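[1] Sequence and predicted structure are below.
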Amino acid sequence: MARTDNDSWEITESVGATALGVASARAAETRSENPLITDPFAQVFLDAAGEGVWNWHAGGQLPAEVVEAEPELPLQMQSMVGYMASRTKFFDSFFADATRAGIRQAVILASGLDARAWRLDWPDGVTVYELDQPRVLDFKVSTLAAHGAEPACRRIAVPVDLRHDWPAALRQAGFDDSAPSVWSAEGLMPYLPAAAQELLFERVQGLTVPGSRVAVEALGPNFLEPEFREKRRARMDRIRAVMAKVDPGREVPRTDELWYFEEREDVGDWFRRHGWDVTVTPSDELMAGYGRPAPEQVRDTVPGNLFVAAERI
């Protein structure tokens with residue numbers, strides 16, 4: 001699973017499989033008694049992808065052997081559903097606020113399997129540009145088309161690797177860099193090397209004008225802490241070992257092997273330094289604000305990310 005330059009993936013592999021895991025959390029939240037967000041398409045993607053470890057949120061009871069080895073795992077998974085629901089709500093609201101304010105171009109970087117172009121109530125005249133790996137976008141659009149779903153806005157797919165010259169591809173797709181735009185980078189930062197993150201923001205800077213808005217799920221202060229990494233790896237190794245005995249055909253991936261543990265500039269500081277008005281909300285505050293706080297005993301298993309909202313002055 002280790003990353004390489006210019007690597008690509010099917011939706012059930014590598015970074016693609018993580019998008020299915022997030023879809024599983026959104027599907028679980030959608031089925032809950034009092035859902036914070038509603039995503040009717042998340043389960044559609046899971047059904048199309050078939051069986052996999054990404055279905056844990058949807059699969060009911062975990063194997064007893066797994067729970068015995070890791071008693072807090074059900075509560076951890078419930079908290080991750082709350083985190084993903086809060087994250088989704090944050091970006092949904094960000095796009096809604098920006099388009100209500102008159103912005104008519106939305107750019108979703110690494111759009112994955114969140115079908116915002118289909119499920120949100122977009123104002124007339126909005127164009128949504130979805131950027132991601134070609135095979136991810138193909139899976140998304142073919143699956144939803146087979147389900148009879150149509151986008152709720154003018155949606156333009158831009159199949160491109162964000163490590164390549166995506167600004168040229170975006171402009172060629174019709175993006176107007178002289179008009180205000182709203183952007184999201186959700187679930188992306190750990191999958192980019194530090195230099196690629198810097199380049200991504202520089203490119204966004206070059207494509208935006210005053211009045212534009214950007215929302216980023218940024219890495220938190222504990223991301224590089226050795227103790228935090230070791231604790232997370234030990235927990236995953238215990239689960240992997242038990243699952244190898246219970247269900248040898250279903251390997252639990254080490255998702256942290258897909259991440260780049262490199263020093264990088266704080267995202268909020270970067271945008272402030274480049275002339276943006278910035279608000280930063282830690283994930284625990286975001287979840288509490290949405291009524292989804294993680295229980296104390298599993299709080300350290302929920303990503304300590306920072307949710308950055310910025311408007312170019």
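    Right, received. Where do you want to start?

[2] going forward, measure contacts and count neighbours with C-alpha atoms only.
    Fine.

[3] Please, where are all the helices along this structure?
    Ranges of helices in the chain, per DSSP state H, are 14-31, 42-49, 64-69, 73-100, 116-119, 134-146, 166-172, 194-207, 226-246, 267-273, 283-289.

[4] Tell me which of the ones you listed sits most buried.
    Burial among these, expressed as mean neighbours by mean count of other CA atoms under 10 Å, is greatest for helix 14-31, which shows a mean of 23.

[5] Which other helices and strands does that one contact?
    helix 42-49, helix 73-100 (3 or more CA pairs under 8 Å, 6 or more residues apart in numbering; DSSP states H and E).

[6] Just the CA trace of that helix, in CSV.
    This file holds the C-alpha atoms of helix 14-31, laid out as CSV (Å, rounded to 0.1, in the frame of the first residue of the first chain):
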residue,chain,number,x,y,z
SER,A,14,-5.3,2.3,-1.8
VAL,A,15,-6.6,5.9,-1.5
GLY,A,16,-9.7,4.9,-3.4
ALA,A,17,-10.7,2.4,-0.7
THR,A,18,-10.6,5.2,1.9
ALA,A,19,-13.3,7.0,-0.1
LEU,A,20,-15.5,4.0,0.4
GLY,A,21,-14.8,4.0,4.1
VAL,A,22,-16.0,7.6,4.3
ALA,A,23,-19.0,6.7,2.3
SER,A,24,-19.8,3.9,4.8
ALA,A,25,-19.7,6.4,7.6
ARG,A,26,-22.0,8.8,5.7
ALA,A,27,-24.4,5.9,5.0
ALA,A,28,-24.4,5.0,8.7
GLU,A,29,-25.2,8.6,9.7
THR,A,30,-28.0,8.8,7.1
ARG,A,31,-29.6,5.6,8.6
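
[7] For the nearest residue to residue 30 once chain neighbours are set aside, grab the count of nearby residues.
    In this structure, residue 30 finds its nearest non-sequential neighbour in residue 38, 4.9 Å apart by CA to CA, 6 or more residues apart in numbering. The number of residues packed near residue 38 is 20, by other CA atoms under 10 Å.

[8] cool, and residue 225?
    10.

[9] Distance of it relative to residue 49?
    35 Å (CA to CA, to the nearest Å).

[10] Repeat that for residue 254.
    As judged by CA to CA, residue 254 and residue 49 stand 20 Å apart.

[11] Please apply the same query to residue 306.
    According to CA to CA, residue 306 and residue 49 sit 30 Å apart.

[12] what's the answer for residue 33, then?
    In terms of CA to CA, residue 33 sits 26 Å off from residue 49.

[13] Next: residue 73.
    Taken as CA to CA, the span from residue 73 to residue 49 is 24 Å.

[14] okay if I get the helices of the chain as JSON lines plus distance to residue 126 and mean pLDDT?
    Formatted as JSON lines, the helices of the chain follow (distance: least, CA to CA, whole Å; pLDDT from 0 to 100):
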{"stretch": "helix 14-31", "distance to residue 126": "24", "mean pLDDT": "83"}
{"stretch": "helix 42-49", "distance to residue 126": "23", "mean pLDDT": "92"}
{"stretch": "helix 64-69", "distance to residue 126": "46", "mean pLDDT": "76"}
{"stretch": "helix 73-100", "distance to residue 126": "8", "mean pLDDT": "95"}
{"stretch": "helix 116-119", "distance to residue 126": "10", "mean pLDDT": "98"}
{"stretch": "helix 134-146", "distance to residue 126": "19", "mean pLDDT": "95"}
{"stretch": "helix 166-172", "distance to residue 126": "16", "mean pLDDT": "98"}
{"stretch": "helix 194-207", "distance to residue 126": "17", "mean pLDDT": "97"}
{"stretch": "helix 226-246", "distance to residue 126": "41", "mean pLDDT": "81"}
{"stretch": "helix 267-273", "distance to residue 126": "25", "mean pLDDT": "98"}
{"stretch": "helix 283-289", "distance to residue 126": "27", "mean pLDDT": "98"}
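
[15] isn't residue 290 right next to residue 85, touching?
    No - using CA atoms under 8 Å, residue 290 is not in contact with residue 85; the gap is 9.1 Å.

[16] shared neighbours of the two, which are they?
    Any residue near both residue 290 and residue 85 by CA atoms under 8 Å, 6 or more residues apart in numbering counts here, and that gives residue 36.

[17] Residue 125 reaches residue 102, doesn't it?
    No - counting by CA under 8 Å, residue 125 stays clear of residue 102, with 9.7 Å between them.

[18] Taking the centroid of the protein, which residue is nearest it?
    The centroid of the chain falls nearest to residue 187 when counting by CA atoms, centre = their mean (3.0 Å).

[19] Please name the nearest non-neighbouring residue to that one.
    Counting by CA to CA, 6+ apart, the residue nearest residue 187 is residue 217, at 6.3 Å.

[20] Let me see the confidence value for that neighbour.
    Per-residue pLDDT puts residue 217 at 98.
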